[in-house]
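Participant: Let me see the structure of the following:
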Amino acid sequence: MTTILVADDHGFIRAGVAAVLRDSRFKVVAATASGEETLDAIATHDPEIVVLDINMPGMNGVQVLETLRARGDRRRVVLLTAELTDRNLLAVMRAGVEGIVSKDGAGDELIDVLAKVEEGERAISADLLQRALDLSLHPEATGPLDRLNPRERRIARLVARGMRNRDIGAELNIGEGTVKVYLHAMYQKLGIDNRTELALMAVNDMAD
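Facilitator: So this is what the prediction gives:
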């Protein structure tokens, strides 16, 4: 049996991965919900492969991978993600991720990717490899907020000005609850966790 650690802040995703792998040769020995917890569990359980979600509270999946590599830990890592920003794609490629699985296509795809990674192969789609190559050749073509639509970029800049959700809603003639929905979607797109990170990203974007 090949031992697996699954890191995702959503319990149903952790349970789903465990269910998919139940009758395979891969055995889940630990499941974690945050980046810091993941690093502790890796030290405790020493899994052969780590399946990492991108967006987790505290340290995200990219930071966990980078921390492992900085420590000289070369164990195999597979990224499990709903959406991968350009910045995160470049970061995980540079850190040497071995596999990337979309949450939309998990299941049989996850087992196939784990099997390839176990054999020492890199299981990353041709589309993602090409996208990473294009980004590395033309880094100036992408900005921090390029993945956002015009309304989302405007909200990001209002956040950077220190405006509260209620004030942003009044500015854009939308409800405060709608602003919260926008912000959550923006965090997912950008691979960040809070409005402070969004504000910094918006400031950098305006400075470019």
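
Participant: hey, where'd the strands end up in this protein?
Facilitator: In the chain, the strands defined using DSSP state E lie at 2-7, 26-32, 49-53, 76-81, 99-102.

Participant: Would you mind getting the angle between the longest one and strand 49-53?
Facilitator: Spelled out, that is strand 26-32. Strand 26-32 and strand 49-53 are oriented at 50 degrees to each other (axes from the mean of the first three to the mean of the last three Cα atoms, to 10 degrees).

Participant: and what of the first one?
Facilitator: What separates the directions of strand 2-7 and strand 49-53 is an angle of 20 degrees, with the same axes, to 10 degrees.

Participant: Show me what strand 2-7 pairs with in its sheet, parallel or antiparallel.
Facilitator: Sheet pairing of strand 2-7 (DSSP bridges) gives strand 26-32 (parallel), strand 49-53 (parallel).

Participant: Return the most buried member of these.
Facilitator: strand 49-53 (a mean of 26; mean count of other Cβ atoms under 10 Å). Placement of C-beta: from N, CA and C, glycine included.

Participant: pLDDT averaged over it - what is it?
Facilitator: For strand 49-53, mean pLDDT is 96.

Participant: For the helix or strand of the chain with the lowest mean pLDDT, C-alpha coordinates in CSV please.
Facilitator: The weakest-scoring helix or strand in the chain, judged by mean pLDDT, DSSP states H and E, is helix 195-207 (a mean of 81). Below are the C-alpha coordinates for helix 195-207, written out as CSV (Å, rounded to 0.1, in the frame of the first residue of the first chain):
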residue,chain,number,x,y,z
ARG,A,195,-9.2,41.3,2.2
THR,A,196,-5.7,42.3,3.4
GLU,A,197,-4.1,40.1,0.7
LEU,A,198,-6.6,41.4,-1.8
ALA,A,199,-5.8,45.1,-0.9
LEU,A,200,-2.0,44.4,-1.3
MET,A,201,-2.6,42.8,-4.6
ALA,A,202,-4.7,45.7,-5.8
VAL,A,203,-2.1,48.2,-4.7
ASN,A,204,0.6,46.3,-6.6
ASP,A,205,-1.7,46.2,-9.6
MET,A,206,-2.3,49.9,-9.6
ALA,A,207,1.4,50.6,-9.2
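
Participant: buried set for it?
Facilitator: Of the residues in helix 195-207, 195, 198, 199, 201, 202, 205 count as buried by neighbour count, 16 or more other Cβ atoms under 10 Å.
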